[in-house]
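Peer 1: Sharing a model that was predicted from the sequence below.
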2 protein chains.
Amino acid sequence: MTDEELMAFALAEARAAGRRGDVPVGAVVARGGRVLAGAGNEREASGDPTAHAEVLALRRAAAVLGTWRLTGCSVFTTLEPCPMCAGALVAARVERVSFAAFDPKAGACGSLYNLCVDPRLNHELVVESGIAAGEAGALLSDWFATRLRGKAVGGEAVDTGTIDI
Amino acid sequence: MTDEELMAFALAEARAAGRRGDVPVGAVVARGGRVLAGAGNEREASGDPTAHAEVLALRRAAAVLGTWRLTGCSVFTTLEPCPMCAGALVAARVERVSFAAFDPKAGACGSLYNLCVDPRLNHELVVESGIAAGEAGALLSDWFATRLRGKAVGGEAVDTGTIDI
């Protein structure tokens, strides 16, 4: 699969997350152009603060490979990883991350921090961005707009302090 | 329980991790002086790159409370959190982290980064250090010394690039 097709897979995971009430972020882990694992954000669905799409996809890929070292793997994610997720990419020894939309409020791959490119840490990875940025950003802004309208008419409250997670 | 007793609990988790072949780091999540959950590093045991003690303890505490928001909770960990774990503390809205030993190679609560005290992110927490620092540091250095001796006589290879994880 091409990088664009892998990001399309991540976008599908993001849309699925949004349908079940989570902020629509999705991620896939691939090696040699083949998908090892995919996940959408499940923080609300699972009640797990670490259940961001990237963390879940990394854990599932490790389970598939039978090792925590995701050598040679690439991660495609629809939103710039937060500090936790960027740290997880480093911890898993991922080779490359490609993200769609930037997250100016919490992004740790260029916006607020550059955790994946720090020679002081014991691993660095290639960071790329831009594929499907508009589509991923629109998915998030549309989701929040819908939720805010729901809140305005007495629906469930939503934390809009950050678009990450 | 006092802070010292909670850190002793975290140290017991660290020792248990070391006995099963993982780098000896432990963590507990407490609220109102009562332990909600504890965990040791399980990266090797589980093959999960995100299975650091702090991440596991946060996930277990969230399962106990039934929510990803660990409001009012304190985390006691035997080693300064890495970027992934510090990011997880922020994501979980933890109130306070107390760590024992500093990690100059990967620490993200003062050594290389200060991720838990960044007003740009959507949550900040109190960071403390010093309780049982000597004991936690000795536990790690003794563990690595033993493993390196094992390697020297033909034992299993070990990645000593960082003491975190």
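Peer 2: Okay, I see it. This structure is a prediction, so every number in the text was calculated from the model and none was measured. Residues are numbered from 1 along each chain as shown, chains lettered A, B, ... in the order given.

Peer 1: Contacts (any at all) between chain B and the helix or strand hosting residue A:149?
Peer 2: According to DSSP states H and E, residue A:149 maps onto helix A:133-152. No: Helix A:133-152 does not reach chain B (C-beta under 8 Å from any C-beta of the partner chain); its nearest approach is 14.2 Å. Yep, even glycine has a C-beta here, placed from its N, CA and C like the rest.

Peer 1: For that helix, list every residue counted as buried.
Peer 2: A:133, A:136, A:137, A:139, A:140, A:143, A:147 (16 or more other C-beta atoms under 10 Å in any protein chain shown).

Peer 1: from what I can see the third one touches residue A:104, true?
Peer 2: Looking back up the chat, that one is residue A:137. No: at 11.0 Å, residue A:137 does not count as touching residue A:104 under the criterion of C-beta atoms under 8 Å.

Peer 1: measure residue A:18 to residue B:99 for me?
Peer 2: The gap separating residue A:18 from residue B:99 is 36 Å, by C-beta to C-beta, to the nearest Å.

Peer 1: neighbour count winner among the two?
Peer 2: Between residue A:18 and residue B:99, residue B:99 has the larger neighbour count (other C-beta atoms under 10 Å in any protein chain shown), namely 31 against 21.

Peer 1: Quick one, grab the pLDDT at the more buried one.
Peer 2: Residue B:99 is assigned a pLDDT of 98 by the prediction.

Peer 1: Same question for residue A:152.
Peer 2: Model confidence at residue A:152 (pLDDT) stands at 61.

Peer 1: if we can go back for a sec, any idea how far the helix holding residue A:149 is from the chain center?
Peer 2: 16 Å (C-alpha atoms, centre = their mean, to the nearest Å).

Peer 1: For that helix, enumerate the helices and strands it packs against.
Peer 2: With contacts taken as 3 or more C-beta pairs under 8 Å, 6 or more residues apart in numbering or on different chains; DSSP states H and E, helix A:133-152 sits against helix A:3-19, strand A:74-79, strand A:96-101.

Peer 1: so can I have CSV of those showing distance to residue B:109?
Peer 2: Formatted as CSV, the helices and strands packed on helix A:133-152 follow (distance: least, C-beta to C-beta, whole Å):
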stretch, distance to residue B:109
helix A:3-19, 30
strand A:74-79, 25
strand A:96-101, 24
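
Peer 1: Most tightly packed of the ones you listed?
Peer 2: Of all those, strand A:74-79 has the most neighbours on average by mean count of other C-beta atoms under 10 Å in any protein chain shown, namely a mean of 30.

Peer 1: How far off centre is that one?
Peer 2: Counting by C-alpha atoms, centre = their mean, strand A:74-79 comes out at 5 Å from the chain centroid.

Peer 1: Next: stretch A:51-69.
Peer 2: Mean C-alpha position of stretch A:51-69 versus that of the full chain (C-alpha atoms, centre = their mean) differs by 12 Å.

Peer 1: Return that stretch as CSV; C-alpha atoms alone will do.
Peer 2: C-alpha atoms of stretch A:51-69 as CSV (Å, rounded to 0.1, in the frame of the first residue of the first chain):
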residue,chain,number,x,y,z
ALA,A,51,-6.0,4.9,24.8
HIS,A,52,-4.9,7.4,22.1
ALA,A,53,-5.0,5.9,18.6
GLU,A,54,-1.2,5.8,18.3
VAL,A,55,-0.6,4.0,21.6
LEU,A,56,-3.3,1.4,20.8
ALA,A,57,-1.9,0.8,17.3
LEU,A,58,1.6,0.4,18.6
ARG,A,59,0.5,-2.0,21.3
ARG,A,60,-1.4,-4.1,18.7
ALA,A,61,1.5,-4.1,16.3
ALA,A,62,3.8,-5.3,19.0
ALA,A,63,1.4,-8.1,19.8
VAL,A,64,1.3,-9.1,16.1
LEU,A,65,5.1,-9.1,15.9
GLY,A,66,5.7,-10.6,19.3
THR,A,67,8.2,-7.9,20.3
TRP,A,68,8.2,-4.4,21.7
ARG,A,69,10.8,-3.3,19.1
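
Peer 1: Sweet, I'm off.
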